[in-house]
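Asker: I'd like to go over a predicted model; first the sequence, then the structure.
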Amino acid sequence: MRGTRRFVILTGLSGSGKTQAIRALEDLGYFCVDNLPTQLIPTMAELSAREDAAPAKVAIVVDVREGDFLAQFPRIYRKLKAQRRVNPTLIFLEASHSALVRRFSETRRPHPLAPDRSVSEGIAEERQKLNAIRAMADLILDTSNLTVHELRDIFMGMTRDGRIRARMVVNLVSFGFKHGVPLDADLVFDVRCLPNPYFVEGLRELTGRDHAVIRYMRRHPPTQDFADKLTSFLKFALPHYVQEGKSYLTIAVGCTGGRHRSVMMAEALKKSLAGVKGVRLRVKHRDS
């Protein structure tokens, strides 16, 4: 029973992408219910666990739109986890404060906890109130930097046993230190130790995507050594980030101006990391 039937509970911060997630689950064959009253969760779970129940996969969305959610859900979920016939999975979606403010601004909708106050106040209050429920989650997904399509792809990657096969988005960002380090960088690597094409006649106006710059840099052994060692480290580290359930990782590669060395290295990493399982690579050149 526990190996064949699925009961997914989706919750999280308002504006974090629950609507897109539940649509993806629906496309996977889940029977989906949005904004289910908290007191009906045990009934729905029991019905989904019956051998004659159809469908075998059920997903519900519960959140602060329903008045009893905050007070009742922790107790109800603990009881569900203790039942042999029910196999619940709790997925919690969240995003950064700035991302949520931007999304509410784009939709022009008030925050459910702050209809007569600022969206920012509502977000802060909801985050604080949901901390206990967040701590109970089987999986936490940060959607701050995910597009609608990337979030959908993550849920479409759910395996047959109900687990999400994480496909982490890895954002490779080249930048110039003189313009500042990217604020959202998780890992920062400095390639200013490599030969600088800026001081070579005919290369200054080019970028690290041009063949002449690439050829110049690869003529110097430290360039390939640096790329090989960095690739080796990332091939070791990235699967561990995936295993931890991280949905988005920004790797920033910086040189002085952000036009030559960092651009070349970011492009090289995109090629050398292409075979890493469970990740989707994107490249952005911030300053070139």
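Answerer: Now that the structure is in, tell me what you want to look at.

Asker: what is the mean pLDDT for stretch 104-124?
Answerer: Average pLDDT, stretch 104-124: 90.

Asker: Work out which residue lies at the spatial centre of the chain.
Answerer: Residue closest to the average C-alpha location in the chain (Cα atoms, centre = their mean): Ser247, at 2.8 Å.

Asker: So which residues of the stretch 151-288 of the chain form helices?
Answerer: Taking DSSP state H, counting those that start in this stretch as the test, the helices found in the stretch 151-288 of the chain are 211-218, 221-243, 261-272.

Asker: Ranking those by mean neighbour count, which comes first?
Answerer: Most buried of the helices of the stretch 151-288 of the chain by mean neighbour count (mean count of other Cβ atoms under 10 Å) is helix 261-272; its value is a mean of 23. Any C-beta I mention is one placed from the backbone N, CA and C, and that applies to glycine too.

Asker: Just checking the distance from that helix to the centre of its chain.
Answerer: On the basis of Cα atoms, centre = their mean, to the nearest Å, helix 261-272 is displaced by 22 Å from the centre of the chain it belongs to.

Asker: Now do that helix against helix 211-218, angle only.
Answerer: 90 degrees (axes from the mean of the first three to the mean of the last three Cα atoms, to 10 degrees).

Asker: quick revisit: select, out of the helices of the stretch 151-288 of the chain, the one closest to Ile140.
Answerer: Distance to Ile140, taken as Cβ to Cβ, is lowest for helix 221-243 among the helices of the stretch 151-288 of the chain, at 13.5 Å.

Asker: model confidence over that closest one, on average?
Answerer: Averaged across helix 221-243, the pLDDT comes to 94.

Asker: Could you check how far the closest residue in space to the residue nearest to the centre of the chain that isn't next to it in sequence is from Val253?
Answerer: Leaving aside its sequence neighbours, Ser247 sits nearest to Leu141 (Cβ to Cβ, 6 or more residues apart in numbering; 5.0 Å). Distance, Leu141 to Val253, using Cβ to Cβ, to the nearest Å: 26 Å.

Asker: quick one: which of the two has more around it?
Answerer: Legend: neighbour count by other Cβ atoms under 10 Å for Leu141 and Val253, higher for Val253 (28 against 25).

Asker: For that one, list the residues it contacts.
Answerer: Taking Cβ atoms under 8 Å, 6 or more residues apart in numbering, we find Val253 in contact with Leu172, Val173, Ser174, Phe175, Val188, Phe189, Val191, Ser262, Met265, Ala266, Leu269.

Asker: ok, these vs Ser118, which is closest?
Answerer: For the contacts of Val253, the nearest to Ser118 is Val173 (31.1 Å; Cβ to Cβ).

Asker: Who are the contact partners of that closest one?
Answerer: By Cβ under 8 Å, 6+ apart, the contact list for Val173 reads Pro182, Ala185, Thr250, Ile251, Ala252, Val253, Ala266, Val283, Lys284, His285, Arg286.
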